[in-house]
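*Asks:* Below: sequence and its predicted model.
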Amino acid sequence: ACAFAGLWNCVTINPLNIAAGVWMMLNAFVLFLCEAPFCCQFIEFANAVAARADRLRAWQKAAFYCGMAVFPVMLSLTLTTLLGNAIAFATGVLYGMSALGKKGDAISYARIHQQQKQMDEEKLTGSLEGQA
């Protein structure tokens, strides 16, 4: 979607639209290299780029993908750039959510809170017994 929208964006005489379109096609290429290197088997360095991208942490990938997707929108705010970069931005958001971690359930939080409360009460009773 990003590559096709970028190509469509390049069919104009406005230089900012052309720059945004070229950037979008570059985004699509980088996403293919990092996320689906099997699609780029004809490129020699595809596996090296994919291996390097796999070593990045999830929050780093999130910042990279979201930053890549926001730049063309800042260059040329059109419906084509918004829709074309939506998938790249969504990929960054998903990596960001995975960096935040899994949401805990209410039972485990209640259990942790109860244990902390018991420890605080034991400390309080221990300090009161020590004073007496």
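*Replies:* Cool, the structure landed. Model, not experiment: these values are computed from the prediction. Numbers count the residues shown, from 1 in each chain.
*Asks:* domains of the protein?
*Replies:* 1-76, 81-131 (the TED database).
*Asks:* where does this structure dip in pLDDT?
*Replies:* Within the chain, the ranges that satisfy pLDDT under 70 run 103-106, 124, 126-132.
*Asks:* which residues of it fall in helices?
*Replies:* When assigned using DSSP state H, the helices of the chain occupy the ranges 2-9, 15-35, 46-55, 58-75, 79-100, 106-131.
*Asks:* other SSEs contacting the third one?
*Replies:* It refers to helix 46-55. Judged by 3 or more CB pairs under 8 Å, 6 or more residues apart in numbering; DSSP states H and E, helix 46-55 is in contact with helix 15-35. For every residue, glycine as well, the C-beta is placed using N, CA and C.
*Asks:* What helices and strands are in contact with the helix it packs on?
*Replies:* Right, helix 15-35 is packed against helix 2-9, helix 46-55, helix 58-75, helix 79-100 by 3+ CB pairs under 8 Å, 6+ apart.
*Asks:* Dump it to CSV, restricted to CA.
*Replies:* Below are the C-alpha coordinates for helix 15-35, written out as CSV (Å, rounded to 0.1, in the frame of the first residue of the first chain):
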residue,chain,number,x,y,z
PRO,A,15,7.9,18.8,-5.8
LEU,A,16,6.8,18.1,-2.2
ASN,A,17,4.4,15.4,-3.4
ILE,A,18,7.1,13.8,-5.4
ALA,A,19,9.5,13.9,-2.5
ALA,A,20,6.8,12.3,-0.2
GLY,A,21,6.1,9.7,-2.8
VAL,A,22,9.7,8.7,-3.2
TRP,A,23,10.1,8.6,0.6
MET,A,24,7.0,6.3,0.8
MET,A,25,8.4,3.9,-1.8
LEU,A,26,11.7,3.9,0.2
ASN,A,27,9.6,3.1,3.3
ALA,A,28,8.0,0.2,1.6
PHE,A,29,11.3,-1.1,0.5
VAL,A,30,12.8,-0.9,4.0
LEU,A,31,9.7,-2.5,5.5
PHE,A,32,10.1,-5.4,3.0
LEU,A,33,13.8,-5.8,3.8
CYS,A,34,13.2,-5.8,7.6
GLU,A,35,10.0,-7.6,7.9
